[in-house]
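Trainee: Let's see this in three dimensions:
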Amino acid sequence: MRLEIDASVETDIGLKFGAKTWVQGDHNSPSWGFSPANFYVEYENWSLEIGNVLPAFDGALLLKQTRLGVHAVSVGGDPLGDFFILAYRGYGRLPDRTGVALNYGTRNFDVKLSVVDPDQIGSGMGGDLTREVSASVFYRLNDWEFSAATAQSGAGVRDNNLYFVGTRYKVNDDLRIGLNINDNGFAELGTSYALYGDYKFNRFTLGSYVVYNDGDWAEKVTDSSYGVALRYDLGPSIFLAASVQRDYERMTLADMGVRFDF
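Mentor: Here you go, the predicted structure:
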């Protein structure tokens, strides 16, 4: 379960100042975790975040569209390389991490830039890590969507440079298909090519993906990963879902449950 706490104030000219944090309890965890704070300023289509920010690569539109099931995971379609993400609990082994993110977004266009410093006070907790610099851009043209992103020194690791390009086409009101290509950073993780889609009928949504990866790491036993899921909408922000996925080690993940988003 995840709870977002958000407080803000808006000036007469429309400038909005705010801060938010998250409280999250995970499976098999005996305690709840509080995230570091996110401070933000918004004006019209612009936003600036400081602290526990959503990095540009992690927030790239279309990047996570292969995620399935009640827990929204993708064992093969997500990027395989490491990169900083928005923290819903603590920072873990990097307690002095902080970031800055700038975003301009409209319905048909979105661009994000971010810098995340793993050790803002020079405490040495970051070891040899360096700053991650990431950027993303999204554009919608009628029924086509296009997205691209990069994370340089992903997760602060030098030479771990990730790249993403993706596109999705809306065939009609019920059917969408997409293609994502992820350069996963280090050579052994290779490049992933994911074909995915979803089809709506009545209250049901059928989603699936298949991925080919040309990398070569020790645990890998197959070049393909795939998944399929069925979702049933019970009402606004409430749904039942079940999924089955197989990863590159031929391990199978299955989930089923009900999810509330409010």
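
Trainee: Kindly state the beta-bridge partners for Arg259.
Mentor: On the basis of DSSP bridges, Arg259 takes part in beta bridges with Phe239.

Trainee: What is the burial count for it?
Mentor: 15 (other CB atoms under 10 Å). Bear in mind the C-beta positions are built from the backbone N, C-alpha and C, glycine included.

Trainee: One more: Tyr40?
Mentor: 19.

Trainee: Spatially nearest residue to it, not counting backbone neighbours?
Mentor: Glu49 (4.7 Å; CB to CB, 6 or more residues apart in numbering).

Trainee: and the one you found, what element?
Mentor: strand 46-51 (DSSP states H and E).

Trainee: Show me which residues of that strand are buried.
Mentor: For strand 46-51, a neighbour-count test (16 or more other CB atoms under 10 Å) marks 47, 49, 51 as buried.

Trainee: How about stretch 237-256?
Mentor: For stretch 237-256, using 16+ other CB under 10 Å, the buried residues are 239-248, 253, 255.

Trainee: Not counting sequence-adjacent ones, nearest residue to the most centrally placed residue in the chain?
Mentor: Closest residue to the average C-alpha location of the chain: Asp58 at 4.5 Å, with CA atoms, centre = their mean. Of all residues not flanking Asp58 in the chain, Ile85 sits nearest, at 4.5 Å (CB to CB, 6+ apart).

Trainee: for the residue nearest to Asp216 when sequence neighbours are not counted, helix, strand, or coil?
Mentor: The shortest distance from Asp216 to any non-neighbouring residue, by CB to CB, 6+ apart, is to Glu188 (5.9 Å). On the three-state scheme (DSSP: H, G, I helix; E, B strand; the rest coil), Glu188 is labelled helix.

Trainee: Make sure Gly69 is actually in contact with Leu240.
Mentor: No - applying CB atoms under 8 Å, one finds Gly69 not in contact with Leu240, separated by 10.7 Å.

Trainee: what's the neighbour count on the residue nearest to Gly105 when sequence neighbours are not counted?
Mentor: Spatial nearest neighbour of Gly105, chain neighbours left out: Asn45 (5.9 Å); criterion: CB to CB, 6+ apart. Neighbourhood size, Asn45 [other CB under 10 Å]: 12.

Trainee: And Asn45, how far from Asn103?
Mentor: 9 Å (CB to CB, to the nearest Å).

Trainee: my read: the residue nearest to the centre of the chain touches Leu86, true?
Mentor: Yes - using CB under 8 Å, Asp58 is in contact with Leu86, at 6.2 Å.

Trainee: ok, which stretches of the stretch 151-262 of the chain are strands?
Mentor: 162-170, 175-183, 191-201, 204-213, 224-235, 238-246, 252-260 (DSSP state E, counting those that start in this stretch).

Trainee: possible to save those strands as a markdown table with mean pLDDT and distance to Asp12?
Mentor: Output for the strands of the stretch 151-262 of the chain, formatted as a markdown table (pLDDT from 0 to 100; distance: least, CB to CB, whole Å):
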| stretch | mean pLDDT | distance to Asp12 |
| --- | --- | --- |
| strand 162-170 | 98 | 40 |
| strand 175-183 | 98 | 42 |
| strand 191-201 | 98 | 43 |
| strand 204-213 | 98 | 43 |
| strand 224-235 | 96 | 38 |
| strand 238-246 | 97 | 38 |
| strand 252-260 | 94 | 37 |
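
Trainee: If anything else comes up later, I'll come back, but that's it for now.
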